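1. Build the 3D model from these lines:
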Amino acid sequence: MTGSHDSVLVSISISIAVAASYTALDLAGRIRASEGWLRRVWLVTAAIAMGGGIWAMHFVAMLAFSMPGMAVGYDVELTIVSLLVAIVVTGAGFAVMGRSRGAAGPLLVAGIFMGLGIVAMHYIGMAAMQMPAALSYDRLWLAISVLIAVGAATAALWLASRESHHFVRFGAAAVMGAAIAGMHFSGMRAAIFTIAPGFDMARGASGASQSMLAIGVSAAAFLILFLSLIAAMFDRRFALLVQREANALRQSEERFRSLYKGTPLPLHALDRFGLIEHVSDAWLDLMGYTREEVIGRPFVNFLTEASARQFLQDWPELLRQGSLGPREYRAVTRDGAFLDLVSAAKVERDSADELLHVVGGLTDMTGRRRAEEALRQAQKLETMGQLTGGIAHDFNNLLAVILGNLELLRKRLPEDPKALRLLESAYQGAERGASLTQRLLAFARRQDLRPQPVDIPELVHGMTNLLQRSLGPRVQVETHFSLGLPLARVDAHQLEMALLNLAVNARDAMPDGGYVDISASETLLADGEIDDLPAGRYVRLTFADTGAGMDEETLTRATDPFFTTKDVGQGTGLGLSMVQGLAAQSGGWLALRSVVGQGTTAELYLPFAERPVRRKPEPAHPDEAPTKLPPMTILVVDDDPLVLANTAAMLEDLGVAVMMASSGSGALAEVHRGGIDLVVADQLMPQMTGLELAEEIRKDYPELPLLLVTGFADLDRDAIKGIHVLAKPFTQEALARTVRMVKVSASVIPINQRRSRTSASDDAPE
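-> Residues are numbered from 1 along each chain as shown. Below you'll find the model as predicted:
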């Protein structure tokens with residue numbers, strides 16, 4: 001037996017299928033665009049819309065079917081089961097679609113499963129029909145309905161996995177709705193109803209109740225689908241707003257990153273684990289890395305081991321307090337250079353007090369540290385120079401006493417050869433001490449260069465003993481000089497200091513001993529042969545050792561001030577820079593060559609000097625007594641009683657009357673008493689120096705000659721104008737010669753009578 005369908009309800013069922021398909025496709029887009037729990041919400045919503053819509057279409061189409069004179073009812077439990085089956089299989093299909101990312105294999109399997117589920121929903125719904133007839137199915141149409149269901153389900157999942165425009169979605173929904181309806185009506189076509197025996201067809205039942213039920217189900221289905229579309233629309237709107245805000249935030253972040261990267265300050269941002277998230281271009285320029293080499297690496301990787309430990313100790317305090325004041329670290333650049341840095345940091349947190357990142361900045365203090373170290377070294381040198389000068393001055397006083405007394409003692413000893421030899425040895429030792437003291441004073445003065453023609457072989461031979469003592473007994477010194485070597489124009493004292501510096505460096509490079517070769521030769525340089533050195537004749541002084549040598553990097557920085565490879569306290573790094581400065585200021589050049597394990601060679605190019613006409617010095621006759629001085633009265637002033645007594649003894653031995661004073665004020669009192677022909681005063685005295693004493697004497701006795709005795713040579717030339725100076729220590733012959741010179745150059749105006757300040761000023765020339 002066959003029945004008929006209500007055309008209106010059929011149309012409504014097809015509309016439900018189309019609306020459900022469109023809603024499902026729309027909601028599938030929300031599934032793809034969502035994450036987390038919201039994704040699951042939209043999955044359930046799409047399953048209810050699609051599965052419930054298919055079931056509503058099926059149920060309304062079932063209600064549209066009727067057979068004349070036969071009332072049809074439905075089993076509630078089976079009907080609910082059919083609804084749940086539709087929702088579950090549809091939800092499972094959408095879940096697979098969401099995870100498959102459009103892959104064909106999973107979509108095909110999910111489509112088959114979903115199609116079979118829809119078929120199961122249909123035939124469970126058919127089984128829920130209650131009527132006085134037996135139900136059987138035509139196998140061909142049953143197979144057709146299954147194929148349509150599987151095809152429609154697979155197409156629905158494939159379309160749901162793709163982005164589509166509204167018009168495309170409408171077309172796809174119409175096709176899917178027709179396919180779903182086709183599946184249903186194919187299944188209905190496969191149904192065969194057999195009337196039960198004894199049923200009276202004439203008694204029939206009205207279908208009004210079925211129509212009302214169908215309209216109610218349709219209204220509920222359309223309402224649910226409509227609400228789902230409204231929810232999807234609002235969600236899409238909110239998502240659009242969120243996307244716009246995200247784009248605006250992304251643009252703002254890009255502008256911030258651009259500003260952050262381009263800032264002239266070395267800035268960095270770290271995550272909670274201390275890994276670098278962002279750095280500025282200035283940071284990269286400072287450290288010498290590229291951005292790809294630093295992003296994601298721990299900040300401590302760019303610090304020295306000690307600074308890395310300090311940073312790891314500071315990190316918990318930074319996270320706990322939220323900020324960290326300036327801390328000093330030492331970093332290592334990409335090329336291995338060390339940088340002294342000061343870093344400050346601050347923790348950035350969100351509204352939930354969760355750590356976002358740690359922002360910090362670097363300040364390069366390397367140059368300042370080097371300047372401070374240079375200043376400290378300069379202060380050390382200045383202090384050492386002052387100390388050396390003071391010690392040398394006191395040592396000069398002692399040597400003056402020793403030399404003077406030895407000289408006087410030599411006159412009074414009997415003609416005992418053994419005693420004279422012992423006396424001569426003591427005298428020579430004292431003279432060597434005086435020579436060493438003069439070199440110490442030359443270092444302490446740090447005076448301007450006074451270039452003069454210097455005989456290099458004579459200078460080197462004169463300081464051979466000093467060089468040997470500086471090098472130590474395990475280093476052998478050899479010298480080689482060309483015959484007829486021209487003179488070099490250079491400051492002799494500074495050249496001696498340069499050779500001593502080279503000797504000290506060579507000694508430290510040869511702890512187990514070795515050889516030092518000092519040679520000099522004449523060389524003719526062409527223009528441009530050596531940078532910044534004009535063409536001409538030069539004297540090349542070579543100092544070579546067989547020490548450890550230097551690598552290329554050390555050799556490049558060897559002449560940098562305060563650069564040294566020695567341990568702390570063993571060197572200042574000024575040695576080679578002083579040698580280079582001497583060469584440059586003298587108009588020459590310093591060239592260094594070195595090979596690791598083969599030693600170092602320093603070549604000092606010095607400008608050529610014309611050889612002056614020099615008289616052959618008359619040989620000294622230490623055994624001959626100095627000539628007696630003419631009768632006079634000399635006032636000797638010195639705060640050191642030993643020096644005072646020694647100077648007075650030498651003068652008395654020369655036949656003059658001597659008066660003594662131990663201070664400037666005492667000397668002025670003696671001068672005021674009169675009868676003084678010459679004043680011999682020490683320079684360094686407490687309360688009043690020798691120059692200050694001379695100024696006081698000149699006020700009342702401008703014609704009174706004065707001889708200044710000092711161990712220093714850095715006196716103000718303007719201040720000592722008209723005053724003769726005798727360097728300590730001195731011999732009796734030097735003292736006698738200087739006194740005669742002073743007397744010859746002194747005025748012949750009688751000075752025995754004191755002149756008043758008024759008369760002195762009246763006689764002064766205008």
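2. Now do the helices in the stretch 401-550 of the chain.
-> 417-445, 456-462, 464-471, 492-509 (DSSP state H, counting those that start in this stretch).
3. Deepest-packed of these, please.
-> Of all those, helix 492-509 carries the top mean neighbour count, a mean of 21, counting by mean count of other C-beta atoms under 10 Å. The C-beta positions use only the backbone N, C-alpha and C, and glycine is treated the same way.
4. what about the closest residue to Gln130 other than its chain neighbours, neighbour count?
-> In this structure, Gln130 finds its nearest non-sequential neighbour in Gly73, 4.0 Å apart by C-beta to C-beta, 6 or more residues apart in numbering. The number of residues packed near Gly73 is 12, by other C-beta atoms under 10 Å.
5. Please report the distance of Gly73 from Met129.
-> Applying C-beta to C-beta, to the nearest Å, the value for Gly73 to Met129 is 8 Å.
6. what bits of the stretch 351-500 of the chain have low per-residue confidence?
-> For the stretch 351-500 of the chain, the stretches flagged by pLDDT under 70 are 377-378, 380-382, 384-390, 392-393, 414, 432, 434-450.
7. how does it look with 50?
-> Low-confidence segments of the stretch 351-500 of the chain (pLDDT under 50): 445-448.
8. ok, now the stretch 151-300 of the chain?
-> Along the stretch 151-300 of the chain, the parts satisfying pLDDT under 50 run over 199-207.
9. sec struct for Pro729, please.
-> Following DSSP: H, G, I helix; E, B strand; the rest coil, Pro729 is assigned to coil.
10. The one 10 residues further on too?
-> Going by three-state DSSP, the secondary structure assigned to Val739 is helix.
11. again, but for Ala344
-> Here Ala344 is recorded as strand under three-state DSSP.
12. any chance you could map the strands in the stretch 1-150 of the chain?
-> 4-5, 65-66, 73-74, 129-130, 133-137 (DSSP state E, counting those that start in this stretch).
13. Give me the neighbour count for Ala219.
-> Neighbours of Ala219 using other C-beta under 10 Å come to 12.
14. Then Val294?
-> For Val294, using other C-beta under 10 Å, the count is 20.
15. With Glu305 instead?
-> 10.
16. Which parts of the stretch 201-350 of the chain are helices?
-> Going by DSSP H, counting those that start in this stretch, the stretch 201-350 of the chain shows helices at 208-262, 281-287, 291-294, 305-321.
17. How about the residue nearest the centre of the chain: which residues does it bridge to?
-> The chain has Leu339 as the residue nearest its centroid, 4.1 Å off, counting by C-alpha atoms, centre = their mean. With DSSP bridges as the criterion, Leu339 is bridged to Ala331.
18. Wait, the residue nearest to Gln130 touches Leu63, no?
-> No. Checked against C-beta atoms under 8 Å, the pair Gly73 and Leu63 is beyond contact range at 11.2 Å.
19. mind listing what Ala509 touches?
-> The contact partners of Ala509, by C-beta atoms under 8 Å, 6 or more residues apart in numbering, come to Asp545, Gly547, Ala548, Gly549, Gly599, Thr600.
20. Try it again at 10 Å.
-> Shown in contact with Ala509 (C-beta atoms under 10 Å, 6 or more residues apart in numbering): Asp545, Thr546, Gly547, Ala548, Gly549, Met550, Thr565, Ser594, Gly599, Thr600.
21. any idea how far the fourth one is from Leu467?
-> According to C-beta to C-beta, Ala548 stands 20 Å off from Leu467.
22. now swap in Ala181 and tell me
-> Taken as C-beta to C-beta, the span from Ala181 to Leu467 is 115 Å.
23. Could you do Leu399 as well?
-> 22 Å.
24. Could you tell me the end-to-end distance of stretch 404-423?
-> One end of stretch 404-423 sits 12 Å from the other (C-alpha to C-alpha, to the nearest Å).
25. Kindly report the same for stretch 679-696.
-> Stretch 679-696: ends 12 Å apart by C-alpha to C-alpha.
26. centre of the chain versus it, how much separation?
-> Remark: stretch 679-696 is offset 56 Å from the chain centroid, using C-alpha atoms, centre = their mean, to the nearest Å.
27. Now that stretch: buried residues?
-> Of the residues in stretch 679-696, 679-685, 688-691, 693-694, 696 count as buried by neighbour count, 16 or more other C-beta atoms under 10 Å.
28. among those, which one has the lowest pLDDT?
-> Lowest pLDDT among the buried residues of stretch 679-696: Leu684, with 81.
29. need the contact list for the nearest residue to Glu293 once chain neighbours are set aside.
-> The shortest distance from Glu293 to any non-neighbouring residue, by C-beta to C-beta, 6+ apart, is to Arg334 (7.8 Å). Arg334 is in contact with Leu284, Met287, Gly288, Tyr289, Thr290, Glu293, Val294, Phe302, counting by C-beta under 10 Å, 6+ apart.
30. what's the answer for Asp364, then?
-> Pro266, Ala282, Leu286, Ala331, Leu339, Asp340, Leu341, Val342.
31. follow-up on the earlier one: figure out which of the helices of the stretch 401-550 of the chain is closest to Asp138.
-> helix 492-509 (110.1 Å; C-beta to C-beta).
32. Send me the closest one as PDB with only the CA atoms.
-> What follows is helix 492-509, C-alpha atoms only, in PDB (Å, rounded to 0.1, in the frame of the first residue of the first chain):
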ATOM      1  CA  ALA A 492     120.200  61.800  26.300                       C
ATOM      2  CA  HIS A 493     118.500  61.300  29.600                       C
ATOM      3  CA  GLN A 494     115.200  60.300  28.000                       C
ATOM      4  CA  LEU A 495     117.100  57.900  25.700                       C
ATOM      5  CA  GLU A 496     118.700  56.300  28.700                       C
ATOM      6  CA  MET A 497     115.200  55.900  30.200                       C
ATOM      7  CA  ALA A 498     114.000  54.400  27.000                       C
ATOM      8  CA  LEU A 499     116.800  51.800  27.000                       C
ATOM      9  CA  LEU A 500     116.100  51.000  30.600                       C
ATOM     10  CA  ASN A 501     112.400  50.500  29.800                       C
ATOM     11  CA  LEU A 502     113.300  48.100  26.900                       C
ATOM     12  CA  ALA A 503     115.700  46.300  29.200                       C
ATOM     13  CA  VAL A 504     113.000  45.800  31.900                       C
ATOM     14  CA  ASN A 505     110.600  44.400  29.200                       C
ATOM     15  CA  ALA A 506     113.300  42.100  27.900                       C
ATOM     16  CA  ARG A 507     114.100  40.900  31.400                       C
ATOM     17  CA  ASP A 508     110.400  40.100  32.100                       C
ATOM     18  CA  ALA A 509     110.200  38.200  28.700                       C
END
